[in-house]
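>>> need the 3D shape of this:
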Amino acid sequence: MHRKQTREIRGTLINTATQQNIYSDIFKQFKRCLHCMLTLVLLMPGPSYSSTAVTDVNPTISKVHRFRLLAFGTYIEFMITSVTVKEARLAKKLVRTQFLTMHRQWHSSQNSLVFKLSQRLATGKWIPLPQAVRDLLIRSQQIAIKSNHLFNPAIGRLVNLWGFNNSLKPRTQPPSISEIDKLVRLKARMSDLEIKGKLIRSRNPAVQLDFGAIAKGYAIDHVATLLKLKGFHNFIINAGGDLKAIGRHPLRSWRIAVRDPANKSQIIAGIEVKDEEAVFTSGDYERYFMYQGKRFHHILNPLNGRPVRHTRSVTVLHSDATLADAAATALFVTGPKDWPSMAKRLGLRYVMLIDSKGTIHLSHAMKLRIQLFNVKRYRIHTVHLK
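Model (predicted):
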């Protein structure tokens with residue numbers, strides 16, 4: 001009998017058979033949401049953004065090494081520079097292992113750690129809080145409370161009802177009003193969770209965890225920290241268009257572009273990302289279905305259980321990818337009228353919100369950082385966040 005090959009990365013044990021199952025699960029989910037692959041944020045095109053080696057420095061370490069894998073229902077693209085080929089391979093191995101492990105643990109499919117935790121929380125009893133999800137859950141709870149629960153990872157049942165869980169078959173028509181209202185009345189919130197040491201319980205059996213609006217940001221921060229501890233200082237991690245940059249390109253800063261929510265083939269803005277900055281965008285064109293000529297997208301208002309209508313996209317720039325990810329959702333739900341107060345609550349400076357009536361709302365700090373393109377159809381409104 002042959003022993004199963006295993007490997008351990010920072011205390012996480014994964015056997016070869018499990019890895020194969022993870023790849024199979026991710027690929028199935030990816031095919032079901034293929035429309036998500038038009039990323040919100042991408043490296044800006046043109047000769048000045050070529051990944052070819054730089055002639056005036058050591059070509060062995062100036063090349064941009066690229067690597068892709070599938071996790072969290074999207075492509076994870078990793079680019080690293082100022083390293084040798086051997087060092088790039090070591091970095092890629094770390095990125096692959098970490099993202100696949102986090103996907104397996106945090107995804108909302110029925111075989112994940114998060115799903116099993118939600119099932120046990122429904123009993124209302126004190127249960128062990130798995131270390132693999134502890135920090136993510138605590139951070140999610142903190143941001144949820146600070147956002148007045150407009151960012152709300154406790155509404156997994158609503159997400160499932162609408163069919164926006166990547167492990168479920170997509171819906172072709174919205175659920176009934178009675179189904180939606182029944183779940184809304186249960187008022188599942190992250191504040192329903194009580195943590196004592198290594199134990200956790202839920203005071204509300206309706207809580208079902210879904211970290212879709214924060215997991216990518218947290219994962220990027222986690223992997224970026226590990227890479228820096230290993231001595232890597234110039235790279236970018238792009239998770240389906242949401243990204244964080246560390247260091248810089250051999251000749252320039254990392255630069256990215258933001259898609260126009262009214263036309264995904266067009267770029268509406270460009271941002272030069274500095275060291276230790278993340279850019280996250282939430283848009284109504286990422287995951288959706290059409291029914292009777294109307295778009296039903298995946299960003300739900302926890303207060304009424306329905307897709308938000310007043311906002312098309314929100315882009316947040318911040319050093320904390322976890323906060324940027326969650327804040328983009330909270331601001332999207334908050335909308336064009338009250339987003340400045342929410343931005344201040346969350347400690348944000350750089351925000352762009354595009355509403356459904358054709359106005360681009362910019363914080364003053366973001367206006368100074370961003371370059372707008374093809375915006376003749378839009379009105380521009382700038383707000384000072386004091």
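>>> now Lys93: which helix or strand?
Under the criterion of DSSP states H and E, Lys93 resides in helix 85-106.
>>> same deal with Pro175?
Using DSSP H and E, no helix or strand contains Pro175.
>>> how about the nearest residue to it, chain neighbours excluded?
Excluding the flanking residues, the one nearest Pro175 by Cβ to Cβ, 6 or more residues apart in numbering is Leu161, at 5.1 Å. Heads up, the C-betas are built off the backbone N, CA and C, glycines and all.
>>> list the buried ones in the helix holding Lys93?
87-88, 91-92, 94-106 (16 or more other Cβ atoms under 10 Å).
>>> and what of stretch 231-241?
Along stretch 231-241, these residues count as buried under the neighbour rule (16+ other Cβ under 10 Å): Phe232, Asn234, Phe235, Ile236, Ile237, Asn238, Ala239, Gly240, Gly241.
>>> beta partners for the third one?
Looking back up the chat, that one is Phe235. Taking DSSP bridges as the rule, Phe235 bridges to Ile80, Ile246.
>>> thinking it is in contact with Phe78, fair?
Yes - counting by Cβ atoms under 8 Å, Phe235 sits close enough to Phe78 to count as a contact (6.8 Å).
>>> now for the two: what residues contact both?
Listed contacts common to Phe235 and Phe78 are Ala91; contacts here mean Cβ atoms under 8 Å, 6 or more residues apart in numbering.
>>> can you pull out the helices in the stretch 201-350 of the chain?
Under the criterion DSSP state H, counting those that start in this stretch, the stretch 201-350 of the chain contains helices at 215-229, 321-334, 339-345.
>>> nearest spatial neighbour of Asp157, chain-adjacent residues omitted?
To be clear, residue 157 is Arg; Asp isn't right here. Closest to Arg157 by Cβ to Cβ, 6+ apart is Gln208, at 4.7 Å.
>>> same check, this time on Pro130
Leaving aside its sequence neighbours, Pro130 sits nearest to Leu113 (Cβ to Cβ, 6+ apart; 5.8 Å).
>>> rewinding a little: the residue nearest to Arg157 against Leu186, yeah?
No - when contacts are counted by Cβ under 8 Å, Gln208 is not listed as touching Leu186 (10.1 Å).
>>> so between those two, which is more surrounded?
Each of Gln208 and Leu186 has its neighbours counted (other Cβ atoms under 10 Å); Gln208 has more, 25 against 16.
>>> can you spell out which residues form a bridge with the more buried one?
The partner residues for Gln208, given DSSP bridges, come to Ile155.
>>> next one, pLDDT for it please.
We have a pLDDT of 97 for Gln208.
>>> give the contact list for it.
Residues in contact with Gln208 (Cβ under 8 Å, 6+ apart) are Ser118, Ala122, Ala154, Ile155, Gly156, Arg157, Asn160, Ala188.
>>> residues in contact with the fourth one?
Put plainly, it is Ile155. By Cβ under 8 Å, 6+ apart, the neighbours of Ile155 are Leu183, Ala188, Gln208, Asp210, Leu300, Pro302, Gly305.
>>> can I have the buried ones of the residues you listed as a ChimeraX selection?
Typed into ChimeraX, the line below selects the buried ones among the contacts of Ile155, using 16+ other Cβ under 10 Å:
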select :183,188,208,210,300,302,305
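>>> let me know the closest of the contacts of Ile155 to Ser356.
Set against Ser356, the nearest of the contacts of Ile155 by Cβ to Cβ is Leu300 (15.9 Å).
>>> mind listing the residues bridging to that closest one?
For Leu300, the beta-bridge partners under DSSP bridges are Pro307.
>>> where is the longest strand in the chain?
Counting residues, the longest strand found in the chain (DSSP state E) is strand 263-273.
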